[in-house]
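Novice: what follows is a predicted protein model with its sequence.
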Amino acid sequence: MHDYYRIPPQELGEGARIPLKCLGESGEVFYEMAQEMIRAIRENNARGQRTVFIVPVGPVGQYPIFVRLVNEQKISLKNCWFFNMDEYMADPQTKIPPSDPLSFIGFMERQVYGRIDPALTVPPAQRVYPDPLEPQKGDRLLKELGGADICFGGIGINGHLAFNEPQPELTVQAFTQLPTRVLEISRETRTANAIGDLGGAIEDMPPYCVTIGFHQIFTAKKVRLGVFRDWHRAVMRRAAYGEITTAFPVTLLQDHPDALIYVNANAARRPVEG
C-alpha cells in the first residue's frame, strides 16, 4: 500500500500538494462551498462585475444552503453565469431528458433555479449546459467571459473531474488542453455512480456523457472540491499526495495556483485502519 494511504487524519494536509481543509460532518463541507459561492457573488456584485462559476451535480449538498442564503439575504444572481459541468447521455448524440431522475439539467432547474426567488435567480440565458451537438460552444462563451471565477466539484473514483476520465496515453500538457466533448463513461465510474444514485442498478446507468473540458476546469481562477464518501479516503489522499499523472486526472491540480479540497471527518479516515 502506498504511504499516503497510511496518513492519519490528524496529519492530513501536512506536505499536501493540493491544500486540504479538514472539517467535521458533511454539512460543514457543503456549508463552506455554499459560503464560497455567496462571497464571490457578493464581492463581484459590489464591484459591478459578473460572477462565473462552473458547477457540479455531485456534490449537491451545498445547493439547499446556497438557495436559502440567496433568498434570505436578497442576493441578486442577475449578473451570474453558471456553467454546468456535464450531463448524462443515452447515446453519443442524445441527452437524457430533464424529467429523468439522473438528469443534471433537471436537477438544477428544479432544485436550484426553481427554488430561488424569480426576482433574484440566474437568468435562463446565463444557465449554460454542455451541448453534445456543438460541444465547444460553451467553451467559447466561457473564454469570452474571461474564464470561471471558481470551479466547484467533487472527485470521481478514478480521479476524474466532471467526466474527464483517465487517459494515461496522454501527456499532462495534452490532458490540460482537453475541451468539452462527448465520452463513453468507464465501467468503474458507472459502477460507483450506480451505487450512489441507483442502488447498484448499473444496467440502468447512462453509458455516455457530455463533459466540460479539463482545460476549462484547469484555467478557472479557483478550484474547490468537496469529498465525504468512504471511498474518498483513498481518492483524496492520492489527489493531494500522489504523483501527477493523467491516469488519475485530479492530481494535475497539484499544479493549479488556487485549488482546495474540503474534507469531512469520514473522508479523513485512513482507507485501511491498523
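Specialist: Thanks, I have the structure now. Numbers count the residues shown, from 1 in each chain.
Novice: mind checking the backbone torsions on the closest residue to Leu145 other than its chain neighbours?
Specialist: Nearest residue to Leu145 in three dimensions, chain neighbours excluded: Val52, at 5.1 Å (CB to CB, 6 or more residues apart in numbering). Using the backbone N, CA and C atoms, a C-beta is placed for each residue, glycine as well. Torsion angles at Val52 (phi, psi; degrees, to the nearest 10) stand at phi -120, psi 120.
Novice: could you measure from Val52 over to Asp230?
Specialist: From Val52 across to Asp230, the span is 33 Å (CB to CB, to the nearest Å).
Novice: if we can go back for a sec, is it correct that the residue nearest to Leu145 is in contact with Leu141?
Specialist: No - distance between Val52 and Leu141: 9.7 Å, which falls outside the contact criterion (CB atoms under 8 Å).
Novice: and Val52 and Asp230? which has more neighbours close in?
Specialist: Each of Val52 and Asp230 has its neighbours counted (other CB atoms under 10 Å); Val52 has more, 25 against 10.
Novice: check contacts around the more buried one.
Specialist: 80-81, 83, 142, 145-149 (CB atoms under 8 Å, 6 or more residues apart in numbering).
Novice: just those: which are in helices?
Specialist: Taking DSSP state H as the definition of helices, those contribute Leu142.
Novice: if any of the contacts of Val52 are buried, put those into a ChimeraX selection.
Specialist: The ChimeraX selection below is limited to those of these classed as buried (16 or more other CB atoms under 10 Å):
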select :80,81,83,142,145,148,149
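Novice: of the contacts of Val52, which is the nearest to Asn45?
Specialist: Proximity of the contacts of Val52 to Asn45 was ranked by CB to CB; the top entry is Cys80 with 8.9 Å.
Novice: in terms of contact, does Gly200 touch Ala194 like I think?
Specialist: Yes - counting by CB under 8 Å, Gly200 sits close enough to Ala194 to count as a contact (5.6 Å).
Novice: the two: which is more packed in?
Specialist: Each of Gly200 and Ala194 has its neighbours counted (other CB under 10 Å); Ala194 has more, 16 against 12.
Novice: all strands of the stretch 1-150 of the chain, in order?
Specialist: Taking DSSP state E, counting those that start in this stretch, the strands of the stretch 1-150 of the chain run over residues 20-22, 51-55, 80-84, 86-91, 94-95, 127-128, 150-153.
Novice: for the closest residue to Val122 other than its chain neighbours, give me its contacts.
Specialist: Take Val122 and drop its neighbours on the chain: the residue closest to it by CB to CB, 6+ apart is Leu77, 4.6 Å away. By CB under 8 Å, 6+ apart, the contact set of Leu77 is 41, 70, 116, 120-122.
Novice: can you put those in TSV and add distance to Gly48?
Specialist: Below are these laid out as TSV (distance: CB to CB, whole Å):
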residue	distance to Gly48
Ile41	13
Val70	19
Ile116	21
Leu120	17
Thr121	19
Val122	17
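Novice: who wins on neighbours among those residues?
Specialist: Ranked by neighbour count (other CB under 10 Å), the contacts of Leu77 have Val70 at the top, with 24 neighbours.
Novice: residue contacts, that residue?
Specialist: When the contact criterion is CB under 8 Å, 6+ apart, the partners of Val70 are 38, 77, 116-117, 120.
Novice: show the pLDDT at the residue nearest to Leu145.
Specialist: Note on Val52: pLDDT of 98.
Novice: could you give the average pLDDT over the lengthiest helix in the chain?
Specialist: The helix of greatest length in the chain, counted in residues with DSSP H as the criterion, is given as helix 26-47. Per-residue pLDDT over helix 26-47 has a mean of 98.
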